[in-house]
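>>> When you get a sec, could you give me coordinates for this:
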Amino acid sequence: MKSFFLFLFVAALTVSCNHGNSVHNPQPGDSAEVITLMKDVYRWHDKNQGSLTDFLVIVKDSFQVGLDYDTLTRTMDVLKQTNYFSSTFLSNYKKLADLVNHKLISANPKYLNEINFDFQDADPWTNFQDSEPGYWDTFKITDYKSTADSASLKWLIQTNNWSSEAYSVGFSKENGKWKVSYLEGFDLKKYNKDDHR
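Here you go, the predicted structure:
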């Protein structure tokens, strides 16, 4: 009986402490909304990856000499129009393009026309080297964390024949709507230290 009253006291204390901060707590249904958004993003990417290039490299005389900014601008315009991506993601995407372009134009000696960056070796949206049809319907979600206006998780694919590495995704709320704010394959830190030459 004593433990029951102790439980009631702790529960009442928790409710009273959190009462004034309820606006800061994640809302019911947020996790489902986040996962639905992520699946929509991957369906969209799968449908459009043939016509949209993330970072198209310009090649001259067997050397990679810079990025095609006309293609980058077109891709960024489409990314914005989807309304799937946060301003943080879009800003990071542009910074990553600028970083890669700077490495290419300032390299001495120049980069040979081969795999020099991770995005040339695997799809940065998934880190897959090969396509996996309908993979978004087989996501296994781990490490889900959330606050009122941000969330993060890792996903991976496990089939009888194959298992992917865990892939990190971040989300933020902008004007009350969840958007993708981070994809592991576009992490600036990774490209700052990467130099495969």
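>>> Report the mean confidence score over stretch 59-69.
Averaging pLDDT along stretch 59-69 gives 96.
>>> So which bits of it are buried?
64, 65, 66, 67 (16 or more other C-beta atoms under 10 Å). For every residue, glycine as well, the C-beta is placed using N, CA and C.
>>> Save those residues as CSV, and put in distance to residue 122 and secondary structure too.
Shown next, in CSV, are the buried residues of stretch 59-69 (distance: C-beta to C-beta, whole Å; DSSP: H, G, I helix; E, B strand; the rest coil):
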residue, distance to residue 122, secondary structure
64, 17, strand
65, 23, strand
66, 22, strand
67, 18, strand
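>>> quick one, strands of the chain?
For the chain, the strands defined by DSSP state E occupy 57-60, 63-67, 111-112, 139-146, 150-157, 167-174, 177-183.
>>> Need the residues that contact the third one.
To tie it back to what came earlier, the one meant is strand 111-112. Under the contact criterion C-beta atoms under 8 Å, 6 or more residues apart in numbering, strand 111-112 has outside partners 62, 63, 64, 103, 104, 197.
>>> Need the max-distance pair from those.
62 and 103 (17.3 Å; C-beta to C-beta).
>>> before we move on, back to that, can you list the strands of the chain in CSV and add distance to residue 99?
As requested, the strands of the chain are exported to CSV (distance: least, C-beta to C-beta, whole Å):
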stretch, distance to residue 99
strand 57-60, 13
strand 63-67, 10
strand 111-112, 14
strand 139-146, 27
strand 150-157, 23
strand 167-174, 19
strand 177-183, 16
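>>> Which one, of these, ends up nearest to residue 39?
Nearest of those to residue 39, taken as C-beta to C-beta: strand 139-146 at 7.3 Å.
>>> what sits against the closest residue to residue 110 other than its chain neighbours?
The shortest distance from residue 110 to any non-neighbouring residue, by C-beta to C-beta, 6 or more residues apart in numbering, is to residue 63 (4.0 Å). Shown in contact with residue 63 (C-beta under 8 Å, 6+ apart): 110, 111, 112, 113.
>>> sorry, back to before: nearest to residue 37, of the strands of the chain?
Nearest of the strands of the chain to residue 37, taken as C-beta to C-beta: strand 177-183 at 5.3 Å.
>>> hey, C-alpha coordinates of the closest one in CSV?
The C-alpha coordinates for strand 177-183 follow below in CSV (Å, rounded to 0.1, in the frame of the first residue of the first chain):
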residue,chain,number,x,y,z
LYS,A,177,5.1,20.9,-40.6
TRP,A,178,7.7,18.1,-40.3
LYS,A,179,10.5,18.3,-42.9
VAL,A,180,13.7,16.4,-43.5
SER,A,181,16.6,18.3,-42.0
TYR,A,182,19.5,15.8,-42.3
LEU,A,183,20.5,12.8,-44.4
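>>> Name the residues that touch that strand?
Against strand 177-183 from outside (C-beta under 8 Å, 6+ apart): 30, 33-34, 37-38, 41, 83-86, 88-89, 92, 124-125, 150-152, 168-173.
>>> what do you get if the cut-off is 10 Å, keeping everything else the same?
The contact list for strand 177-183, computed with C-beta atoms under 10 Å, 6 or more residues apart in numbering, reads 30, 33-38, 40-41, 45, 79, 82-93, 124-127, 146, 149-152, 167-174.
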